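K.L.:
dropping a prediction and its sequence here:
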Amino acid sequence: MTSLRNLISSFALMLMAWLMGFSALVYFASETLLHRFVDGRLLGLAETLAEIIDHHPNILEDSGQTPASSPVSPRLNQREFHDIVHSLRVFSPEGRLLWKSPNASAYPLISPHTLDRVLIERTVYETVAMPDGTPARRLFVSVTREGVVRYVLQAETSLLHYQTALSELLLLLIVSSSATLLVTWLGSLWLAKKVLTPIEALCAGAETMSEADLGKRLALDSPYIEFRRLTQAVNSVLDQFQRNSETQRNFCEIAAHEMKTPLTILRGNLEVALLKARTANEYRDVLLSNLEQVDRLIALTRPLLTLAKFTSSRPPVQLAPLEVEPFLREIVQELTLLATDRRITLSLDARAVPSILGDPQWLKQAMINLLDNALRYTPAGGTVTVRARAEEQEVLIDVEDTGHGIEPEHIPHLFERFYRTEWARAEDAAGTGLGLPIVKEIVEAHGGTISVASRVGQGSVFTLRFPAYLKQTMLA
């Protein structure tokens with residue numbers, strides 16, 4: 001597993017390697033450009049000399065005089081070569097020196113091998129060493145007239161200044177690269193320390209935290225906003241973990257308490273039945289009483305299993321397009337008989353609404369839980385109404401009753417597990433307090449929300465909101 005420190009060091013090494021490569025590229029590119037510049041200057045001088053000779057074709061036609069006493073020398077020396085540091089020579093096709101610039105020596109003459117190359121290739125570059133060891137660059141150019149080589153031009157310059165410039169460039173690159181590499185390495189160490197010190201402190205605080213320390217929060221004194229966000233994120237996870245842990249603890253305590261009552265009754269009935277011999281009718285009464293407590297336990301464990309399914313990472317819903325109005329009408333028809341027995345009017349007010357993505361089985365359970373609560377806490381002669389309506393890109397389902405209503409202080413806790421108001425406990429002692437939490441889990445598994453509005457003495461309205469099935473809406 002690679003650490004962040006090693007990653008920063010590797011990046012620093014990569015940067016160093018890139019810098020060394022870049023310095024080498026700059027050096028060799030500069031050397032190539034300087035050589036091209038030198039060759040270009042030499043070629044320019046040779047072309048200038050050839051142009052002068054072309055304009056004065058008779059200035060070199062004097063075979064009876066030596067180059068030193070040649071009358072053409074003064075004529076060429078008076079040209080524009082007095083300010084040029086290069087040396088120039090003119091040779092005959094046989095290699096005889098015809099003319100030279102004032103700063104050029106008469107020797108060495110052109111070698112036969114070089115002369116043969118010039119006659120064939122017409123342009124030849126050479127890098128040679130002068131008698132004093134100084135490197136020099138030479139250019140030989142053959143000048144033809146009517147297909148016949150008339151003479152050979154030589155331009156020569158010392159490479160001492162160019163080598164000096166390259167040496168100074170190399171020194172500059174070495175010094176600047178070394179300084180940059182040192183700064184890069186020190187910077188990477190500083191950056192690794194700045195980055196890793198807060199992270200290590202955060203890790204140390206998290207690793208030493210136990211379940212007893214869930215109320216504590218990590219503190220990180222860092223001026224950088226990213227580390228503050230990281231600390232806030234970790235503390236947010238701790239907050240969520242603490243809330244879940246407390247919810248789970250409370251859930252287990254309440255579930256154990258709810259189960260304790262029927263189990264205690266079961267044990268008491270059995271102990272009393274075993275104290276002495278009983279008649280068949282007495283044993284039958286004990287069994288019936290115990291059967292009621294078993295039914296109560298079953299009624300408690302079923303919603304607990306349902307909640308366990310929805311609190312897992314993957315709720316067991318299978319989403320598919322669902323027509324709302326036929327779905328609600330079927331549920332209302334099933335519960336109409338129950339509402340009639342309780343002398344309550346159950347009606348449906350469903351408008352044309354878009355489809356939703358839902359699981360009919362689980363949504364049916366949610367609606368039955370809501371309607372069962374509404375019918376249970378609505379007095380005889382009251383009404384329960386189911387409505388469906390569209391609002392922007394949402395589908396809303398309302399369950400409205402004319403029951404007792406809910407006190408404002410109880411509304412924020414309605415969807416907590418096992419939470420029941422005192423009035424509800426008095427009205428229905430067999431309730432478990434898990435119906436509304438199950439409805440909330442089912443609705444949220446479908447990407448929806450549930451809310452409630454209530455007034456004491458007037459009734460309550462539970463509203464389910466679901467995203468509309470947009471594809472179906474667009475096709476329509």
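P.N.:
In hand now; what should we look at? Numbers count the residues shown, from 1 in each chain.

K.L.:
how many residues are close by residue 444?
P.N.:
Residues lying near residue 444 (other Cβ atoms under 10 Å) number 13. For every residue, glycine as well, the C-beta is placed using N, CA and C.

K.L.:
just the mean pLDDT for the host helix or strand of it, thanks.
P.N.:
For residue 444, the host element (DSSP states H and E) is helix 435-445. The average pLDDT for helix 435-445 rounds to 87.

K.L.:
next helix or strand past it?
P.N.:
Downstream of helix 435-445 (by DSSP H and E), the next one is strand 449-455.

K.L.:
just how off-centre is the next helix-or-strand element following that next one within its chain?
P.N.:
Using DSSP H and E, the helix or strand that follows strand 449-455 in sequence is strand 459-467. In terms of Cα atoms, centre = their mean, to the nearest Å, the centre of strand 459-467 is set 38 Å apart from its chain centre.

K.L.:
tell me the angle strand 459-467 makes with strand 449-455.
P.N.:
160 degrees (axes from the mean of the first three to the mean of the last three Cα atoms, to 10 degrees).

K.L.:
need the phi and psi values for residue 351.
P.N.:
Dihedral pair for residue 351: phi -90, psi 170, per degrees, to the nearest 10.

K.L.:
so where does the closest residue to it other than its chain neighbours fall, helix or strand?
P.N.:
Distances taken as Cβ to Cβ, 6 or more residues apart in numbering place residue 389 nearest to residue 351, at 5.6 Å, with adjacent residues excluded. Taking DSSP H and E as the criterion, residue 389 maps to strand 383-391.

K.L.:
in that strand, what counts as buried?
P.N.:
383-389 (16 or more other Cβ atoms under 10 Å).

K.L.:
now the residue nearest in space to the middle of the chain: which helix or strand?
P.N.:
With distances taken as Cα atoms, centre = their mean, residue 226 lies nearest the centre of the chain, 14.7 Å away. Using DSSP H and E, residue 226 sits in helix 225-275.

K.L.:
could I get the average pLDDT for that helix?
P.N.:
Mean predicted confidence for helix 225-275 is 74.

K.L.:
what of stretch 395-402?
P.N.:
Across stretch 395-402, pLDDT averages out at 92.

K.L.:
how far does it sit from the chain's center?
P.N.:
43 Å.

K.L.:
pull that stretch out as CSV, backbone CA atoms only.
P.N.:
C-alpha atoms of stretch 395-402 as CSV (Å, rounded to 0.1, in the frame of the first residue of the first chain):
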residue,chain,number,x,y,z
VAL,A,395,-47.7,13.1,-7.2
LEU,A,396,-49.4,13.7,-3.8
ILE,A,397,-51.6,11.2,-2.0
ASP,A,398,-53.5,12.5,1.0
VAL,A,399,-55.2,10.5,3.7
GLU,A,400,-57.6,12.8,5.6
ASP,A,401,-59.7,11.8,8.6
THR,A,402,-62.1,13.6,11.0
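
K.L.:
residue contacts, residue 386?
P.N.:
Residues in contact with residue 386 (Cβ atoms under 8 Å, 6 or more residues apart in numbering) are 328, 331-332, 346-350, 367, 371, 397-400.

K.L.:
tilt between the helix holding residue 226 and helix 435-445?
P.N.:
Using the same axes, to 10 degrees, the direction of helix 225-275 lies 140 degrees away from that of helix 435-445.

K.L.:
helix 225-275 - contacts with which helices or strands?
P.N.:
helix 160-207, helix 280-310 (3 or more Cβ pairs under 8 Å, 6 or more residues apart in numbering; DSSP states H and E).

K.L.:
that concludes my questions; thank you for your assistance.
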